[in-house]
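>>> just need the structure, nothing else, for what follows:
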Amino acid sequence: MAAPTAEELAAVEARLSRILDPYRTRLEAGTIYGIPTLRRRGAKAHDWFAFVKPASKHVSFYLLPIADDTALREGLSPGLRKRLTGKAVFTFSAVDETQIEELEAVVARAYEGYAAAG
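Numbers count the residues shown, from 1 in each chain. Sure thing, here's the model as predicted:
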């Protein structure tokens, strides 16, 4: 399988970034290690909610609440679960609209708990 092109990765990054659009007015911009994040207003750097990080061969979607929420992780489809490459990291090298729509729903559920905890 050929490595994704820069244009393909840019499309993945744009699509994953759109998942966070509904939360940009509810959360504040922050950074962790120089990477832009979204977090609760006034939260410390390590209490971020989510962010998108491009790499050379894939784009990562970081969703911190999933690291500690067993129900969120257990509710993942097998396909999306395979994209969970760390405790809180989903990786995509192409736009898979079905899995991205599922990720949008997971982010919405994660936000409910994250907002309530703050």
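>>> quick one: low-confidence ranges for this structure?
Within the chain, the stretches with pLDDT under 70 are 1.
>>> redo that, cut-off 90
1-3, 42-46, 116-118 (pLDDT under 90).
>>> packing partners of the longest strand seen in the chain?
The residue-count maximum for a strand in the chain (DSSP state E) belongs to strand 48-54. Applying 3 or more CB pairs under 8 Å, 6 or more residues apart in numbering; DSSP states H and E, we find strand 48-54 packed against helix 6-19, strand 28-32, strand 35-39, strand 59-63, helix 97-117. (C-beta placed from N, C-alpha, C; glycine too.)
>>> and residue 51, how far from residue 2?
27 Å (CB to CB, to the nearest Å).
>>> of those two, which one has the most company?
residue 51 (22 against 5; other CB atoms under 10 Å).
>>> surely that one is in contact with residue 36?
Yes. Using CB atoms under 8 Å, residue 51 is in contact with residue 36, at 6.2 Å.
>>> most centrally placed residue in the protein?
Against the mean C-alpha coordinate of the chain, by CA atoms, centre = their mean, the closest residue is residue 61 at 3.3 Å.
>>> give me the neighbour count for the residue lying closest to it once chain neighbours are set aside.
Nearest residue to residue 61, sequence neighbours excluded (CB to CB, 6 or more residues apart in numbering): residue 90, at 4.5 Å. Applying other CB under 10 Å, we find 25 residues neighbouring residue 90.
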